[in-house]
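fold the stuff below for me.
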Amino acid sequence: MESIIERIERGHFWNFHGGVHPPEQKFLTCDKPIRQLPLPEQLTIPVQQNIGQAGELLVKTGDYVLKGQALTQAKHPMAVPVHAPTSGTITDIKNTLIAHPSGLSELCIILTPDNEDKWKKRQIHSNYQQLSKHDIIEKIADSGIAGMGGAGFPSHIKVSTTEKINYLIINAAECEPYITADDLLMKEQCAAIVDGIKILAQILVPDFILIGIEDNKSQAIKALQHATQSLDKFKVCVLPTKYPTGGEKQLIMSLTGQEVPAGVLPSALGIVMHNIATCFAIADAVINDIPLIKRVVTVTGQALAKPQNVWALLGTPVEFLLKQCAYQAPDKQHIIMGGPMMGFSLSSNKVPIVKISNCILAPSEKEISFTSSKEVECIRCGQCAEVCPSQLLPQELQWSAKAKDQQQLNKLNLFDCIECGACSYVCPSHIPLVHYYRIAKAEIRQQNLLDIKAEKAKERFEARKSRLEREKIAREEKHKKAAEARKARMNAGTPAANKEKSAVAAALARVKAKKALTKENNSENTSTDEKLVEQNISVEQTEKKSQVAAAIARAKAKKLAAKASSNNIEKVVSDTDSPVETTPKDDKKAKVAAAIAKAKAKKRATESTSVKAKIESHNNKSIEDEKEHASSEQKTAPNDVKDSVQVNDKKAKIAAAVAKAKARKSAKASIKAPTNDDTDNIEHSPVNRVIDLKRDEDNSPLLDKKARISAAVAKAKAKKQQAESK
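This next block holds a predicted model:
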């Protein structure tokens, strides 16, 4: 079977799927030398110009820097530093618009040149073969070199592989229309490029070095063949012109016939690829100690009077380059960074040149007329799938991208798309397919970042949870060991152990005493509340009894007084000749007895009132709660109980009225008792008139009092019955 090298030596190469042949338009700049430009008034240097992470700032506003001085430092493997393209002053550090399809703003360092172009101190290594691999890789990393073919992947990561490398492939195809930066660089700096390839070979130690270049660059092919004719392992491979031969996977397929699987790096297959411009930058950094501060940029398009390739300092505004090349359509600006197939339109001409900027295209209205057509519905012609070099299904990818179906996009291998633009180029419906893919990729990357953050947060939570659990177990174990040690010490029998044992026993006794005291206080509070309720009830009953006793005493006193008055009246009647007189002694005794009874009743009432007030002041809250409880019980009592209470009230009132009537009747009977059968004769006698007068003066009030006493007694009995019924 014919080997790869034998096939290459005979000029037989493999063909990749798809591809297109757009108009090259390289004639505008391919025969013009690279031009040196004056310094611009201001340089805008983005902190991040590569795939990965940005470096950390080393400068601040107002600092003076020298040419080649590091402005940032890389503290992450996927970070590369940026350097000062010339000497000058850092006038500002702020977020500024950068070259991005979405018109994003990122942190940039604003450098104002002093036009002196002073270099920092450099170390020249003309004999780079004496440097170790580690020193060379460190030099590449410190010089901030990233892939200059458009990807921007850190170069020191590529050359640090530990895999056995069979083929070191140098990409010199430059397949995209209009761009001639690598072509001119090979013509003018071929020796430096070969030195860069040798440095890479010293690190990677490949079996063969393959330089892939398209057949439309005749002068560059001759220059490479002349520079490598005496070198072993070098093979200049002239490929047929076809877009996109310059793609990494497509060039590997064309030279080796090997297909790189999805998600697999070429180094896993024993292949490493670098761009021509990257090789030149590596040689400049390792040999001349010049970091990546400039690059060749093709400024082309029919809207320019002087299209050409220029050495542009990183951070140079696009507007400055257009002015140097005599841009003729400032009123209708349509500027593209990159080629017509993979480039993107700029939202402003003030964006800066970065490490991956290889072309600025200023087309005329005629050149961009085909891109101004309005997008229409897909007609399912299938041409996009036929020209796709990655053998994808662009039509289905576009549908899934519009539907934001990320799961389906991953199944369709969206990230295998190299965004070459071949599908958009052949689409008869003028659908900008690549733009849909770029947006979808950005959304998926953003979602992946969110998922990673969520996963890290979950891991932190789980770690914290397990840590707390471990600490809990450790505390319990510690307490257990401490308790066992304390128990062992107490059982040792030494004086210290006895003392500790006594202290523990005392502490336990204090705890038990405290619990008992708390329990006793709770029971005392409960019993106190019950006693207060009972005392309140007994006080009310005592008060009622005292009132009843006082009423009875007053009634007895009045009865005695009435009896004494009756005796006096009888005496007066029996002795008609003597005047009517009452016995003062009996009257006085009756009054004294009534007064004593009244005083006793008042005293009892006062005592009961004071006791009640004392109880209320002692625990007013308990009494209020009891009243509320009683009122709630009364409200929630059954209807038959309420009816029985109302009946008892009614019976008591009736009994009181009956007693009052009986008292009045008995009083009237007692008044008539002293009269005899001859009352008619006595009625009109003077003595009888005196007796009537005396009765009117004394007995009438007495009868009223007796009636009131009887009524009070009956009412007291009724209240007592009512209380008992409740």
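
what is the neighbour count of Ile98?
By other C-beta atoms under 10 Å, 20 other residues sit near Ile98. Using the backbone N, CA and C atoms, a C-beta is placed for each residue, glycine as well.

domain parsing for this structure?
1-31+133-289, 377-491, 502-725 (automatic domain parsing).

residue ranges in the stretch 601-726 of the chain under the pLDDT threshold?
601-653, 655-656, 659-660, 663-707, 722-726 (pLDDT under 70).

next one: the stretch 251-400 of the chain
330-332, 369-373.

show me where it has its helices.
For the stretch 251-400 of the chain, the helices defined by DSSP state H, counting those that start in this stretch occupy 276-288, 318-324, 383-387, 394-403.

buried sites along the last one?
To tie it back to what came earlier, the one meant is helix 394-403. Under the neighbour-count criterion of 16 or more other C-beta atoms under 10 Å, helix 394-403 has Pro394, Gln395, Leu397, Gln398, Trp399, Ser400, Ala401 buried.

likewise for the second one?
The neighbour-count check on helix 318-324 (16+ other C-beta under 10 Å) flags Val318, Glu319, Phe320, Leu321, Leu322, Gln324 as buried.

neighbours of the closest residue in space to the last one that isn't next to it in sequence, how many?
By that I understand Gln324. Of all residues beyond its chain neighbours, the one nearest Gln324 is Leu37 (5.7 Å), with distances taken as C-beta to C-beta, 6 or more residues apart in numbering. Counted with other C-beta under 10 Å, the neighbours of Leu37 add up to 17.

picking up where we left off before, any chance of the helices of the stretch 251-400 of the chain in CSV, with distance to Leu560 too?
Formatted as CSV, these follow (distance: least, C-beta to C-beta, whole Å):
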stretch, distance to Leu560
helix 276-288, 139
helix 318-324, 133
helix 383-387, 134
helix 394-403, 116
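
with respect to Asn15, which of these lies nearest?
For Asn15, the closest of these is helix 383-387, at 13.4 Å, according to C-beta to C-beta.

list the contacts for the closest residue to Arg35 other than its chain neighbours?
Closest residue to Arg35 apart from its sequence neighbours, by C-beta to C-beta, 6+ apart: Val310 at 4.8 Å. Applying C-beta atoms under 8 Å, 6 or more residues apart in numbering to Val310 gives the contacts Ile34, Arg35, Gln36, Leu37, Val296, Val297, Val299, Leu321, Gln324, Cys325.

swap in Leu322?
Val299, Leu304, Ile335, Asn349, Ile360, Ala362.

again, only this time at 10 Å
Leu322 is in contact with Val299, Gly301, Ala303, Leu304, Gln328, Ala329, Pro330, Gln333, Ile335, Asn349, Ile360, Ala362, counting by C-beta atoms under 10 Å, 6 or more residues apart in numbering.

for the nearest residue to Ala268 once chain neighbours are set aside, what is the enclosing helix or strand?
Excluding the flanking residues, the one nearest Ala268 by C-beta to C-beta, 6+ apart is Glu163, at 6.6 Å. Glu163 is part of no helix or strand, with elements assigned from DSSP states H and E.

pretty sure Glu163 contacts Leu265?
Yes. In this structure, Glu163 is within contact of Leu265 by C-beta atoms under 10 Å, at 8.8 Å.

between those two, which contacts overlap?
Common contacts of Glu163 and Leu265 (C-beta under 10 Å, 6+ apart): Ile271, Val272.

Arg708: how many residues sit nearby?
16.

one more: Ser390?
For Ser390, the neighbour count with other C-beta under 10 Å is 20.

nearest residue to it other than its sequence neighbours?
That would be Asp416: by C-beta to C-beta, 6+ apart, it lies 4.8 Å from Ser390.

report the buried residues of stretch 305-317.
Buried, per 16+ other C-beta under 10 Å, within stretch 305-317: Pro307, Gln308, Asn309, Val310, Ala312, Leu313, Leu314, Gly315, Thr316, Pro317.

out of these, give me the two with the largest separation.
Counting by C-beta to C-beta, the most remote pair of these is Pro307 and Gly315, 22.1 Å apart.

okay, helices next: where are they in the stretch 101-250 of the chain?
133-142, 155-158, 181-188, 190-204, 218-228, 248-256.
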